[in-house]
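# build the 3D model from these lines:
(2 chains, ligands or ions: 1)
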Amino acid sequence: MQQKDVLPMKTEKADKPLTVKPVITGSEAVIRSLIAEGVDTIFGYPGGAIMPIYDALYDFQDQVHHILVRHEQGATHAAQGYARSSGKVGVAFATSGPGATNLVTGLADAYMDSTPMVCITGQVAAALLGTDAFQETDVIGITMPITKWNIQVTRPEEIPGAMAKAFYIARSGRPGPVLVDITKNAQFGEFEYEYKKCDYIRSYSPVPVLNEDAVLDAATLINNAKKPFILCGHGVLLAGAEKELAALAEKAQIPVASTLLGLSAVPVEHPLYVGMLGMHGNYGPNVLTGECDVLIAVGMRFDDRVTGDVSCYATKAKVIHIEIDAAEINKIIKADVAIHADAKTALQSLLQKVQPAAHTEWIAEFRDADKKEYDKVQHAELFPQEGELKMAEVIRRISEKTNGEAVLVTDVGQHQMVASRYYRFKNPNTNITSGGMGTMGFALPAAMGAKMGTPEKEVVAIIGDGCFQMTLQELGTIYQSQIGVKIVILNNNFLGMVRQWQQLFFDKRYSSTEMVNPDFVQIAKGFFIPGKKVTTRDDISAAIDEMLAHQGAYLLEVVVEKEDNVFPMVPAGAPVSAIRLE
Amino acid sequence: MQKEYTVTVYTEDRIGITNRITIIFTRRGINITSLTTAETEIPGVFKFIITVMSTREQLDKVVGQIERLIEIHRAFVHEEEEVVYQELALYKISTRSLDTGDIERLIRDHQARILTITADYFVIEKTGHQQELIDFIKKLEPYGLIEYSKSGRVAIVKWSRRFHEHLKDLAAVEADNLISND
Ligand SMILES: Cc1ncc(C[n+]2csc(CCOP(=O)(O)OP(=O)(O)O)c2C)c(N)n1
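Next up is the predicted model:
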């Protein structure tokens, strides 16, 4: 492949001074802009309206790697997985019309989970806009509520500016997905290219100024607290504030619980870590939310899956909310002290103002609750002696064999909750899941992206039989691009999570939740991916070893108990203290 | 408690910004009762004046979500007493009614004024609060009202001075770096 570090000048004239800006097409400008932003991987799918961009990409194959997915939804989830594991911006390409509409689920998912992503869509020529031309869709209108920002570009000279803004917006402040829709004439048109990175938009201030007085108020509350409690959210990971969070917890001996998306910010083995919050979280953190006197919520947004009935939530506590997005403050839970800031900046400042403390008895309360949960639920789940295989024991074994160091990508359902509960995360950004949207079909493409983003890490996808069938075509991408992900299907022949609700709240009326499944191993084989099916306890350990030892992608299907339930559980709309152990 | 509020939003001049703002009201099921928008004294900065029936609590959250949009400078919720506001109505009436004479007096008594007169009709303009403008219709009806049209609310915020200073400062900085790369 030819090296292209010198810009070609297509309309170069001998008499022009050498300082002239190169004249290139809009399409080439797109690719050059991506390279200028440090993009090395793109997930996408071509089509008529984005063909000029794909054509331009052809000349830059040595600098940017394009992964041809099998469905544009897969491109978005892959870009999300890439972004979440690597901390970089994920990039996806799609053509106009159906290509663009297939991005919707992934955009919405990335928006809910604050994932930095830039999607580029082709659009019909500007002259045809609004005429219902072939494959014209109002993608700007459609994606307005599910993107952090979007823009339609109709002239080539707008491309560098739009791209620069897109990346700046996607990655700054509270990150999120951005969509750039580029008309075909803008892709074809030529102009004088120059790229300037964007670091300022006058109506946008992504980095709030820290209010030291608020930090002081927070510190006073914490210093006087008998039962302080930290809730760690995704914002901690996004800000890279794991160390600061741990330091604060350690200095004042404050127990820390995590939201689903905050998992992996604090190692599960950390002595102050007390588990996961929310509907299928741990018993202690849920019950004791009602007991704490100061609640320190860091980079989390009090999702209803975390709070349950808000009117009974943390009623004894003064709430300190550290949050970069001002719109989240007081949205669900009223903050007594609001710190509108990046988590890292806020925690650094707070750390200096907080005094050492012990809170021994309070921490012991969590350990009592842990014991209760362990005896009632966990032991039987993790170490069953008889009966069918349980999801939890499979996760326990994967956790042990990967030493808690794998990037765990989970789909949505019982397996997600079990994996989140039992995988013993050791390092930051190793939990990738669809939290806010709960998008089935997320894991396989996201795992693919995560592996591309962090090839040095073991990436294990935990997927339900239902979820797998939503995006299984990405096995084709995995094969074509030789992406070494490990795929574990926990097969209960049910849409398990829905079935659990039907059992508990709909009188066991299993309406449309039983699945007649194909031979998953055979399917993988069709995509030239080796695999194995395991049905017994005796075989599971060796099968996981074999999977992990295999170089490259591997699919392990584990047949698990059909009607297993995930406990503890907070019934929808109930207070979190009403968490049920059985 | 639900009551009428004025929401003001300062935006950049960008295609689609109206849609971005209104969908935030739509999502929470809040009905916009009037919407007025125009460029402010600062070139490139637009002001939206929106009236809605809602609660203060709800609107504080809505405004937070509006401010989160990239191209929004600020958004505010105002109580009735915080703003000076007016609406403008135009009334088209058959010219024949002028013959009776007393419509002129009605116009004068209501501080309305005639904008134009043709052989068939004439147009009256009146500013005021919504109810006043609607009440005026009833008074005009006997004279043969042909058409009526009313604007949304325009409002001046009593305490807005500091914010406008801020906006003026903004005028000094580059509005949009979108095409600045060329
Ligand atoms: C796209 C989509 N459709 C429907 C749902 C609702 N839903 C949530 S969990 C679930 C069942 C998942 O079943 P499976 O993948 O077999 O996992 P299990 O719960 O059995 O572990 C369903 C249908 C969803 N979250 N996403």
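# which residue, neighbours along the chain excluded, lies closest to residue 173?
Here I'm looking at chain A. residue A:206 (2.9 Å; C-beta to C-beta, 6 or more residues apart in numbering or on different chains). All C-beta atoms are positioned from the backbone trio N, CA, C, and that covers glycine.
# actually chain B
residue A:202 (5.2 Å).
# and for residue A:59, the neighbour number?
Residue neighbour count, defined by other C-beta atoms under 10 Å in any protein chain shown, stands at 14 for residue A:59.
# for residue A:463, same thing?
By the criterion of other C-beta under 10 Å, residue A:463 has 33 neighbours.
# mind telling me what element it is part of?
Residue A:463 belongs to strand A:459-464 when assigned by DSSP states H and E.
# what about that strand, distance to the chain center?
Distance of strand A:459-464 from the chain centroid (C-alpha atoms, centre = their mean, to the nearest Å) equals 14 Å.
# just checking the distance from the helix or strand of chain A with the lowest mean pLDDT to the centre of its chain.
The weakest-scoring helix or strand in chain A, judged by mean pLDDT, DSSP states H and E, is helix A:304-307 (a mean of 93). In terms of C-alpha atoms, centre = their mean, the centre of helix A:304-307 is set 18 Å apart from its chain centre.
# quick check: the residue of the stretch 1-150 of chain A nearest chain B.
residue A:149 (4.7 Å; C-beta to the nearest C-beta).
# and residue A:458, what's its pLDDT?
On the pLDDT scale, residue A:458 is placed at 98.
# quick one: contacts for it?
Residue A:458 sits next to A:402, A:405-407, A:486, A:548 when contact means C-beta atoms under 8 Å, 6 or more residues apart in numbering or on different chains.
# related to what we said a few turns ago, for the residue of the stretch 1-150 of chain A closest to chain B, list each beta-bridge partner.
residue A:178 (DSSP bridges).
# quick check, it in contact with residue A:168.
No - contact status for residue A:149 versus residue A:168: not in contact, 9.5 Å apart, counting by C-beta atoms under 8 Å.
# show me where the stretch 351-500 of chain A has its helices.
A:360-373, A:379-382, A:391-401, A:414-422, A:443-453, A:465-471, A:475-480, A:496-505 (DSSP state H, counting those that start in this stretch).
# what is the neighbour count of residue A:536?
For residue A:536, using other C-beta under 10 Å, the count is 11.
# what's the answer for residue A:400, then?
12.
# kindly format the C-alpha coordinates of the one helix or strand residue A:235 maps to as PDB.
Secondary structure from DSSP H and E places residue A:235 in helix A:234-239. Output of helix A:234-239 as PDB, limited to C-alpha atoms (Å, rounded to 0.1, in the frame of the first residue of the first chain):
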ATOM      1  CA  HIS A 234     -19.800   5.300  35.200                       C
ATOM      2  CA  GLY A 235     -18.700   8.900  35.600                       C
ATOM      3  CA  VAL A 236     -15.800   7.700  37.700                       C
ATOM      4  CA  LEU A 237     -14.500   5.500  34.900                       C
ATOM      5  CA  LEU A 238     -15.100   8.200  32.300                       C
ATOM      6  CA  ALA A 239     -13.100  10.700  34.300                       C
END
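# any residues touching the next helix-or-strand element following it, and which ones?
Once the chain leaves helix A:234-239, the next helix or strand it forms, by DSSP H and E, is helix A:242-252. Contacts with helix A:242-252, where a contact means C-beta under 8 Å, 6+ apart, come from A:222-223, A:228, A:230, A:232, A:236, A:254-256, A:265-266, A:270, A:272, A:298, A:343-344, A:347-348, A:350-351, A:354-357, A:359, A:428.
# which members of those residues additionally contact the ligand?
Here nothing survives when the contacts of helix A:242-252 are matched to the ligand using C-beta under 6 Å from any ligand atom.
# so which of those are in strands?
A:228, A:230, A:232, A:256, A:298 (DSSP state E).
# ok, those vs the ligand, which is closest?
When the ones in strands among the contacts of helix A:242-252 are compared for distance to the ligand (C-beta to the nearest ligand atom), residue A:232 wins out at 24.3 Å.
# for the closest one, which non-adjacent residue is closest in space?
Residue A:232 sits nearest to residue A:262 (C-beta to C-beta, 6+ apart), 4.3 Å away.
# just the buried positions in the helix or strand of chain B with the lowest mean pLDDT, please.
Within chain B, confidence by mean pLDDT, DSSP H and E is lowest for helix B:161-171 among all helices and strands, at a mean of 82. Residues of helix B:161-171 classed as buried: B:167, B:170 (neighbour count, 16 or more other C-beta atoms under 10 Å in any protein chain shown).
# quick one: is it near chain A?
Yes - Helix B:161-171 lies within reach of chain A by C-beta under 8 Å from any C-beta of the partner chain, at residue B:170.
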